[in-house]
Every structure is written in structure tokens, then in C-alpha cells.
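Participant: below: sequence and its predicted model.
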Amino acid sequence: MKDSKIIKVDDDLESIVYRKNLFVKIATDAREYETDVVPTPEFLEKMKEIGADIFTFLERKWCNAVTNPSKSWAKIDDNIALLTITTYDDWWKSISKKTRNMVRKAEKSGVKTVVAEPDQKLAEDMWKIYNETPIRQERAFPAYGISLETVKKYVLSSQNCTYIGAYFQDALVGFIKLVHGKNITIMSQILSMQKHLDLALNNALIAKAIEVCANKREKWFMYARMGNHPTLDRFKENNGFRKFPLTRYCVPLNKKGELAIKLGLHRRVEDVLPAPIKYRLIPIYNWASRAKIKIMLHSKPKQKY
């Protein structure tokens, strides 16, 4: 019995990711939105052994509450942009006339949205979109310069996913990747070509994603978090997503972790700053981000990774 627990813990480690905040190593499970992650004593012991100071996880409150959390676990207010789906028609009636007109505009312009096969052709077309421009949403686009081999590996190894493509004049001009988890579908990525912004591609892609989820009878649809980008938040709200409050637990694994939590180092800077200050800093961050990538592109050839 003991051996089987060890094997399960080791399997769980495959999806663990880390971030550093000054001297603190914070671990989390990359699948925390897709499935319930409530750490066992055996799991936390393994986290200590590999050098983590804090383990953090979300309470997936929309479908499963954490019962009897330890008093030693710190709590942080968190959120996701969540849409509850009944039928496609219900969603269509719930959004504004302006948003419906954007979807119709894409259709009238000749944009077709379809479920795409995750094959080599899709990977090649996605690669072109990734490398269309180094600047998106007024800031540096981190995936610019990604290699074709990396995109192929990313697409061909996808599991429990659905890709939706937007096609214009027989060419892929935008896509969504949906990740199907336990009691949730997650919009992992949505990306479209900047030169076709006038076609309302993202609105059309979201409409198709809602249709796919409704046909699969999937109730909850998630589109990242809210509160860090006003323009993107408005876009989410216009498409029916609402801010859904969550609790994030932070488990100290050693004395350093306990001290870090007391000092507030378990929190991200963007979540600590008051919204008025954070929003004033966004243009500065965007400018610095653009300047950095322009210098990089000017000083050396485009990097492949």
C-alpha cells in the first residue's frame, strides 16, 4: 500500500512547475484548473525533498470545495473568467447586440470556423501566426520567434484538447486551443493574425468554442483570470464571461516558507497593487516590453527556441 502511494506522488510531480520570488521557491501543479489538486501529507513531504518552500493550489469552487483545510495554510483571493453554458442559443441571447454583430461580421466577410485536426499542417499554419509580429496588445509577444519544430511538438503531443481554426480565403488566420479538464473546459490560447483584425476573428472563434462546448454538454468554460488587463477584461465580459472568485491556498513547507508568507512573498506583485496604480503602470510596462524586444531584434538574428 505504501509503495502505491509513492508511485502516485511521483506521477503527480510530472506537472509541477516553479517560480522564484526573491529567495523563495514556490511550486504549483500546472493542472490545477483542470483537476482537483488537494495535497496529501505524502505529496507535501515530496515537495520538501525537492526543495520547494511553498506549495500553492486553487480551490475549484465552481465544482468542488476544499473541506477542512489546515489552519497553517495561508489564503489568497484569486479569480477566473468563467462562463456557465446551457445552450448555444442561451449564450447568444445573453451577449450584447454589438458582440452578436461582430460574430455576424466575421461570417459575412467569409470567415469559416471549424474544429481542426491537430496535425502537421495545423502546426505549420499556427507557426506562421505565432511569427507574424513581435508586438501584440501593445507589448512584446513572448512566442515570437518560436521554431516550427517546437510548435509541431506542442500540437502533435496535445491530449484532451480541441483546436478550432478560423479560415479566410482557405488560409488559417486564427485559432483557439481548448483543454478539456474535469468539470471545466479551458481556453488555453486564442490567437489571430493582426493584419485581419477587421474581420472580428476572436469573436468568431469564441462563438464556435461555445458551440463546441454546448454540443459536448460541458457546463463551465474558463478564459484565464480577470483584473490585470482592462481592455481584455471588457472583451471577456462582452462575450459572456464573468469574474468568478476563488481561494488560493499556500502551504508553507519549511521555516523559509513560513517567513515568506508572513512577508507576503507568496503573492504576485500584480495581485498586491491596487487596481488604479496597476492600470497606470500598464502603459509603462508595455513601453518597456516593446523597447526590449526591439533592441533584441536589432542586435541579433531572430532566435529560434
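Facilitator: Alright, I've got the coordinates. Residues are numbered from 1 along each chain as shown.
Participant: contacts for stretch 243-257?
Facilitator: 23-24, 26, 39, 44, 47-48, 52-62, 66, 69-70, 72-82, 226-227, 258, 260-261, 266 (Cβ atoms under 8 Å, 6 or more residues apart in numbering). The C-beta positions use only the backbone N, C-alpha and C, and glycine is treated the same way.
Participant: ok, the residue nearest to residue 128 when sequence neighbours are not counted - how many residues close by?
Facilitator: Counting by Cβ to Cβ, 6 or more residues apart in numbering, residue 172 is the residue found nearest to residue 128 once chain neighbours are left out, at 7.7 Å. Residue 172 has 19 neighbours, counted by other Cβ atoms under 10 Å.
Participant: mind listing what residue 172 touches?
Facilitator: Taking Cβ under 8 Å, 6+ apart as the test, what residue 172 contacts is 116, 122, 125-126, 128-129, 165-166.
Participant: that one - that's part of a strand, no?
Facilitator: Yes. Residue 172 forms part of a strand when assessed by DSSP: H, G, I helix; E, B strand; the rest coil.
Participant: isn't there a helix covering residue 69?
Facilitator: No. Looking at residue 69 with three-state DSSP, it is coil, so not inside a helix.
Participant: for it, what are phi and psi?
Facilitator: In terms of degrees, to the nearest 10, the main-chain angles of residue 69 are phi -70, psi 150.
Participant: how about it, what does it touch?
Facilitator: By Cβ under 8 Å, 6+ apart, residue 69 lies in contact with residue 249.
Participant: go on, the one 5 residues further on?
Facilitator: Residue 74 makes contact with 249-252, 261, 266, according to Cβ under 8 Å, 6+ apart.
Participant: run the last query once more with 7 Å
Facilitator: 250, 261, 266 (Cβ atoms under 7 Å, 6 or more residues apart in numbering).
Participant: now name the helix or strand holding residue 188.
Facilitator: Using DSSP states H and E, residue 188 maps to strand 184-192.
Participant: gap between the top helix by length along the chain and the chain center?
Facilitator: As assigned by DSSP state H, the longest helix anywhere in the chain is helix 275-299. Mean-position distance between helix 275-299 and its chain equals 21 Å (Cα atoms, centre = their mean, to the nearest Å).
Participant: rewinding a little: narrow the contacts of residue 74 to those in helices?
Facilitator: Going by DSSP H, the helices hold residue 261 from the contacts of residue 74.
Participant: list just the nearest of the contacts of residue 74 to residue 282.
Facilitator: Nearest to residue 282 out of the contacts of residue 74 is residue 266 (Cβ to Cβ; 23.6 Å).
Participant: how near is residue 169 to residue 111?
Facilitator: 9 Å (Cβ to Cβ, to the nearest Å).
Participant: re earlier: which of the contacts of residue 172 count as buried?
Facilitator: Among the contacts of residue 172, those classed as buried by 16 or more other Cβ atoms under 10 Å are 116, 122, 125-126, 129, 165-166.
Participant: adding secondary structure, write those out as a markdown table.
Facilitator: A markdown table is the format used below for the buried ones among the contacts of residue 172 (three-state DSSP):
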| residue | secondary structure |
| --- | --- |
| 116 | strand |
| 122 | helix |
| 125 | helix |
| 126 | helix |
| 129 | helix |
| 165 | strand |
| 166 | strand |
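Participant: pLDDT and distance to residue 178 added to those residues, as TSV?
Facilitator: Output for the buried ones among the contacts of residue 172, formatted as TSV (pLDDT from 0 to 100; distance: Cβ to Cβ, whole Å):
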residue	pLDDT	distance to residue 178
116	97	11
122	98	14
125	98	17
126	98	14
129	97	17
165	98	12
166	98	14
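Participant: mind putting those residues into JSON lines with distance to residue 148?
Facilitator: Shown next, in JSON lines, are the buried ones among the contacts of residue 172 (distance: Cβ to Cβ, whole Å):
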{"residue": "116", "distance to residue 148": "17"}
{"residue": "122", "distance to residue 148": "12"}
{"residue": "125", "distance to residue 148": "11"}
{"residue": "126", "distance to residue 148": "10"}
{"residue": "129", "distance to residue 148": "12"}
{"residue": "165", "distance to residue 148": "17"}
{"residue": "166", "distance to residue 148": "21"}
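Participant: thinking again about what came up before, from the contacts of stretch 243-257, keep the buried residues only.
Facilitator: Using 16+ other Cβ under 10 Å, the buried ones in the contacts of stretch 243-257 are 24, 26, 39, 44, 47, 52-60, 62, 66, 73-74, 76, 78-82, 226, 260-261, 266.
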